[in-house]
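[1] With the sequence up front, the predicted model follows.
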Amino acid sequence: MLIIRKFQNGDELTLREIFFNTIRNVNIKDYSEVQVQAWAPDDYDQPEWYKRISAINPFVAILNGEVVGYADVQDDGYIDHFFCHWKHQGKGIGKALIQTITSTGRKESMDRLYCHASITAKPFFEYFGFKEVKKQQVKIRGQVLTNYVLEKCL
């Protein structure tokens with residue numbers, strides 16, 4: 001059974017593992033090894049990660065007792081993080097998270113949702129009605145990665 005709940009203290013390390021392993025194992029199909037290592041480095045500032053993940057206050061997806069994904073939506077409709085466990089792709093986790101984010105956006109009277117989607121994530125967001133605003137190049141730890149600003153009106 002899939003459950004979506006709000007972030008709780010203690011989720012930080014599990015969410016970091018999902019972030020890291022999804023980028024390293026899923027996004028690698030669209031980005032080079034050097035790019036994914038820059039995006040999800042082996043070494044990271046743990047207190048900074050805890051602070052950031054707590055600040056974005058994501059929704060957390062749990063499948064049969066295991067945390068399998070997370071996603072957030074900020075007050076202005078910005079989706080900062082959206083990650084599904086690399087071993088649980090295609091099981092409806094992303095769909096449940098995007099539906100939760102969309103209903104939250106509507107409930108909070110947001111005009112739109114928007115994100116900076118990876119090459120890998122772009123088709124997922126487009127499937128759920130997001131449109132490309134622009135393609136862009138972003139620099140992360142010395143590497144340039146392509147991503148897309150996508151938005152969906154609510």
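    Cool, got the structure.

[2] which strands and helices sit next to the strand or helix carrying Pro47?
    Per DSSP states H and E: Pro47 is located in helix 46-56. In terms of contacts (3 or more CB pairs under 8 Å, 6 or more residues apart in numbering; DSSP states H and E), helix 46-56 is packed against helix 12-25. C-beta coordinates here come from the backbone N, C-alpha and C atoms, glycine included.

[3] Quick check: mean pLDDT of the helix or strand following the helix it packs on?
    Reading on from helix 12-25 to the C-terminus, the next helix or strand found by DSSP H and E is helix 33-39. For helix 33-39, mean pLDDT is 97.

[4] So what touches helix 33-39?
    23-24, 27-28, 31, 140-143, 145 (CB atoms under 8 Å, 6 or more residues apart in numbering).

[5] One more pass at 6 Å, please.
    Defining contact as CB atoms under 6 Å, 6 or more residues apart in numbering, one finds that helix 33-39 is touched by 23-24, 27-28, 140-141, 143, 145.

[6] Quick check: the farthest pair among these?
    Ile28 and Arg141 (16.3 Å; CB to CB).

[7] Of these two, which one has the most company?
    Comparing Ile28 with Arg141 by other CB atoms under 10 Å, the one with more neighbours is Ile28, at 17 against 10.

[8] quick one: strands adjacent to the helix or strand Val67 falls within?
    Taking DSSP H and E as the criterion, Val67 maps to strand 66-71. Under the criterion DSSP bridges, strand 66-71 sits next to strand 59-63 (antiparallel), strand 82-84 (antiparallel) in its sheet.
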